[in-house]
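Enquirer: After the sequence you'll find the predicted model.
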Amino acid sequence: MKAVRIHEHGDLEVLRLEEIPIPEPGPGEVRVKVAWSALNHLDTWVRRGVQGHEFPLPLIPGCDFSGTIDSVGPGAEPFEQGARVCIAPGFGCGHCLACSSGRQNHCRSYGIYGETVDGGNAEFAVVKKENLIPVPDAFPLDLAAAFPLTHLTAWHMVVDRCGVKPGDRVLVHAAGSGVSVAAVQIARLWGAEVMVTAGTDAKVALGLENGASFGVNYEESDWVKEGRAWTQGRGFDLIVDHVGADTLPKGIWSLAKGGRIVTCGVTSGAEMKIHFAPIFFKSLSILGSTMGGHGEQLEVAEHVFAGRLKPVVDSRFPLEQVADAHRKMGKREVFGKILLQVDPKAPASE
């Protein structure tokens, strides 16, 4: 089969399209014929390498993917050949307290397809049966690949960690990222009002189309000042931040009393200076968040398949142009998800 593999960390040239043997499913596993695979920032980290983290190279990247079941291993019933599925990207050991409680992301053995084991940038992929999400016949497989990781991450941040409620004033940074697109929709689903920030007027406009009530181009305006005016001086009840050093310290000062700021990443830098006075004076919460439990993943899928949450696709590339897809993501020109068409015959939704 054709597969993208990373043998060593580096720039775009380390993404090698190779011919390798088709994997066989073991007990409790299924083999999926991949139709579409979505790109995440995690894929670029796997390619470049992250200091202090070891990846099991060589590795096939791709944590989000969809397709049809091609082969069923022993004990993987009742899934049948030909069934349409997408993949829940995270998995635990399956038997510890965290896994038994539905908090797989807290499992000490937690892993992600395309990071811990081979993922979906290949014509076939083997996954655990519990990671299969059945896709309704009427739902496009390209969109089914576009939501699992980002929507789960955003759901866990906004709903589980922060307990969003109707009437909350929510700030979502970097409106064009996959997590931010999902976070805006999820906050709106729960009855909150949302402000977004972005680096261009075009992205701000797309953020408003995605459901935000107000948007700020941070290259031209002071988002702190604009946010204070939008909340009528009250401050934000909730801030979704995966930018880090450029935004999080200022965000703490922008929270309302009892407000919470939740982070799942630090794209602008992890080391920062934080003033702690407003944290205790205003009873603020700073929360970390990574992925979510499998129950949350299934709940998100129900909303997506029902049309209450809508994956946004920025662009599509054939698998052979995976380097071009990584290049585009690196230029920060994206609003929504970049998809790789693994099966040339797989139809694309409009």
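Expert: Received it, and whenever you're ready, just let me know what you need. Quick caveat, the model's predicted, so the values are computed rather than measured. Numbers count the residues shown, from 1 in each chain.
Enquirer: hey, let's count contacts and neighbours off CA atoms from now on
Expert: Noted.
Enquirer: low-confidence ranges in the stretch 251-350 of the chain?
Expert: Across the stretch 251-350 of the chain, nothing is flagged by pLDDT under 70.
Enquirer: what about the strands in it?
Expert: According to DSSP state E, counting those that start in this stretch, the stretch 251-350 of the chain carries its strands in the segments 255-263, 285-288, 313-318, 337-341.
Enquirer: Return the set of buried residues in the strand ranked longest in the chain.
Expert: In the chain, assigned by DSSP state E, the strand with the most residues is strand 29-39. For strand 29-39, a neighbour-count test (16 or more other C-alpha atoms under 10 Å) marks 29, 30, 31, 32, 33, 34, 35, 36, 37, 38, 39 as buried.
Enquirer: contacting residues around the second one?
Expert: In this case it means residue 30. 69, 70, 71, 72, 73, 76, 126, 127, 128, 129 (C-alpha atoms under 8 Å, 6 or more residues apart in numbering).
Enquirer: Most neighbours among those, which one?
Expert: Ranked by the number of neighbours (other C-alpha atoms under 10 Å), the contacts of residue 30 place residue 126 first, at 25 neighbours.
Enquirer: Doesn't it lie inside a strand?
Expert: Yes: Residue 126: assigned to a strand according to DSSP: H, G, I helix; E, B strand; the rest coil.
Enquirer: Tabulate the strands of the stretch 251-350 of the chain (JSON lines), appending distance to residue 223.
Expert: Below are the strands of the stretch 251-350 of the chain laid out as JSON lines (distance: least, C-alpha to C-alpha, whole Å):
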{"stretch": "strand 255-263", "distance to residue 223": "13"}
{"stretch": "strand 285-288", "distance to residue 223": "20"}
{"stretch": "strand 313-318", "distance to residue 223": "25"}
{"stretch": "strand 337-341", "distance to residue 223": "25"}
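Enquirer: Is residue 85 in a helix, a strand, or coil?
Expert: Recorded secondary structure, residue 85: strand (three-state DSSP).
Enquirer: Run through the bridge partners of it.
Expert: Applying DSSP bridges to residue 85 yields these beta-bridge partners: residue 67, residue 134.
Enquirer: Local confidence estimate at it?
Expert: Predicted confidence (pLDDT) for residue 85: 98.
Enquirer: Let me know whether it touches residue 133 as I believe.
Expert: Yes: Residue 85 is in contact with residue 133 according to C-alpha atoms under 8 Å; the separation is 5.4 Å.
Enquirer: Select, out of the strands of the stretch 251-350 of the chain, the one closest to residue 118.
Expert: Counting by C-alpha to C-alpha, residue 118 lies closest to strand 337-341 out of these; the figure is 16.0 Å.
Enquirer: I'd like the distance from the closest one to the chain centre, please.
Expert: Relative to its chain's centre, strand 337-341 lies at 13 Å (C-alpha atoms, centre = their mean, to the nearest Å).
Enquirer: Now do stretch 310-325: distance from first to last residue.
Expert: 22 Å (C-alpha to C-alpha, to the nearest Å).
Enquirer: coming back round to it: where does confidence bottom out across the contacts of residue 30?
Expert: Among the contacts of residue 30, residue 76 has the weakest pLDDT, 87.
Enquirer: how much space is there between residue 43 and residue 37?
Expert: 11 Å.
Enquirer: Please enumerate the shared neighbours of those two.
Expert: Overlap of the contact sets of residue 43 and residue 37 (by C-alpha under 8 Å, 6+ apart) consists of 62, 63.
Enquirer: List the strands paired with the longest strand of the chain, with their directions.
Expert: As defined by DSSP bridges, the strand partners of strand 29-39 come to strand 64-72 (antiparallel), strand 124-128 (antiparallel), strand 337-341 (antiparallel).
Enquirer: Any chance of the strands of the stretch 251-350 of the chain in JSON lines with distance to residue 231 and mean neighbour count as columns?
Expert: Putting the strands of the stretch 251-350 of the chain into JSON lines (distance: least, C-alpha to C-alpha, whole Å; neighbours: other C-alpha atoms under 10 Å) gives the following:
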{"stretch": "strand 255-263", "distance to residue 231": "9", "mean neighbour count": "22"}
{"stretch": "strand 285-288", "distance to residue 231": "19", "mean neighbour count": "15"}
{"stretch": "strand 313-318", "distance to residue 231": "31", "mean neighbour count": "17"}
{"stretch": "strand 337-341", "distance to residue 231": "30", "mean neighbour count": "26"}
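Enquirer: Tell me which of those approaches residue 89 most closely.
Expert: Closest of these to residue 89 is strand 337-341, at 15.6 Å (criterion: C-alpha to C-alpha).
Enquirer: ok, back up a step: could you find which two of the contacts of residue 30 are furthest from each other?
Expert: Based on C-alpha to C-alpha, the longest span within these runs between 70 and 128 and measures 13.5 Å.
Enquirer: tell me the phi and psi of residue 2?
Expert: Main-chain dihedrals, residue 2, degrees, to the nearest 10: phi -90, psi 140.
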